[in-house]
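S.K.: Would you be able to build a 3D model of this:
(one chain, ligands or ions: 2)
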Amino acid sequence: MSTTRKHTALPKAQILIEALPWLVRHNGKTVVIKFGGNAMIDEDLKAAFAQDVVFLHHAGLKPVVVHGGGPQISAALDQHGIVSEFKAGLRVTTEDAMDVVRMVLAGQVQRELVGLLNQHGPLAVGLTGEDAHTITATKHQPEIDGELVDIGRVGEITAIDTGAIEALLADGRIPVVSSIARSQDDGHVYNVNADTAAAALAAALGAETLMVLTDVEGLYEDWPNSDEVISRLTASELERLLPELSSGMVPKMEGCLHAVRGGVTTARVIDGRVQHSILLEIFTDEGIGTMVVADEKPEGPGEQGES
Ligand SMILES: Nc1ncnc2c1ncn2[C@@H]1O[C@H](COP(=O)(O)OP(=O)(O)O)[C@@H](O)[C@H]1O
Ligand SMILES: CC(=O)N[C@@H](CCC(=O)OP(=O)(O)O)C(=O)O
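M.R.: Ligands and ions are numbered 1, 2, ... in the order given. Next up, the predicted model:
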């Protein structure tokens, strides 16, 4: 090799070696990645997402993908002449709407992600919460202004069975989960918010990290008035903040709290519009977005990159 070629290769080797501490730390750890429908903006981003997930897999982590599809469901409902309505941040889901939700999540969004991941090898296997009792739910009735409200086929998770996902991970696969659940009491299929499903799976799997990819930089301190992102907060700080949050951030931050209280080391909300944001979070100390940690975690330098 000529001296010039050696010199050009050196910075690349440097970059690889910088990732070594993170590779060691994350080796064999489960990472649940929630890919929000709003972050699936274009083909390049989706392809970069698939590359990142496959990279994690080959780097010795165990990624589990849970995907959303809110905007895609709204578009399909629109085509079917069904108006989208949200209450308490959740889609009011009639029986007809449920068929569309299931078709879009399991038949379109999940299939597309599985296809993108499998361009890199026989890795991804798609399933919904209905498969092998992965997610069991009962009818969810949120309390709005002190009254229980009927929002149709929206599920509240009652149990998680991690057996199928763990078997796939043990077989070297990447599970891709759609947030649809089956009820044990009434036999119905339920629509579950994808953030809630991802957080419940992360806790049940004993994941090290929950990573929620969305279409904002993280949790804004004073949304929509300022774009100051809260970079780190403890479970108790988040709990105090929850009543002030609105719309899409409610299930996301409730999910992060649930995950961290359930033993997940860090839960992060990051900007899915930034290409390779997953790699930045996992393998560098340039992590961006919002990180939630347990209360008792000791404080120390360089925590943004510590998970
Ligand atoms: N405090 C906040 N910080 C950031 N975003 C917020 C906040 N409160 C509400 N939001 C809204 O939450 C949205 C993200 O949630 P959502 O639309 O459900 O996305 P996804 O499809 O990724 O789940 C943001 O685009 C923003 O409009
Ligand atoms: C009950 C409920 O609201 N379910 C969501 C499920 C999809 C989802 O959560 O997608 P995002 O992550 O892209 O928002 C919905 O019907 O839109």
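S.K.: and Glu296, which of the three is it?
M.R.: Three-state assignment for Glu296 (DSSP: H, G, I helix; E, B strand; the rest coil): coil.
S.K.: Burial check on it, number of neighbours?
M.R.: 7 (other CB atoms under 10 Å). To be clear about C-beta, it is placed using only N, CA and C from the backbone, and glycine gets the same treatment.
S.K.: Tell me the residues on the protein that lie near ligand 2, please.
M.R.: 36-38, 68-70, 73, 90-91, 101, 154, 179, 191, 193-195 (CB under 6 Å from any ligand atom).
S.K.: try 5 Å
M.R.: Gly36, Gly37, Gly68, Gly69, Gly70, Ile73, Leu90, Arg91, Val154, Asn191, Asn193, Ala194 (CB under 5 Å from any ligand atom).
S.K.: Enumerate every residue touching the residue in the chain that ligand 2 sits nearest to.
M.R.: Closest contact between the chain and ligand 2, by CB to the nearest ligand atom, is at Gly68 (2.2 Å). Residues near Gly68 by CB atoms under 8 Å, 6 or more residues apart in numbering: Lys34, Phe35, Gly36, Gly37, Asn38, Val109, Ser179, Ala194, Asp195.
S.K.: helices or strands up against the helix or strand hosting the last one?
M.R.: Mapping Asp195 onto the secondary structure by DSSP states H and E places it in helix 194-205. Based on contacts counted as 3 or more CB pairs under 8 Å, 6 or more residues apart in numbering; DSSP states H and E, the elements that helix 194-205 packs against are strand 30-35, strand 62-67, strand 135-139, strand 155-160, helix 163-170, strand 209-214, helix 249-261.
S.K.: which residues are contacting that helix?
M.R.: 30, 32-34, 36-37, 64, 66-70, 129, 134-135, 157, 160, 162, 165-166, 177, 179, 181, 207, 209-210, 212, 251-252, 254-256, 258-259, 261-264, 267.
S.K.: cool, stretch 253-260 as well?
M.R.: Residues outside stretch 253-260 that contact it (CB under 8 Å, 6+ apart) are 32, 34, 195-196, 198-200, 202-203, 207, 210, 212, 219, 235, 238-239, 241-242, 245, 266-269, 292-294.
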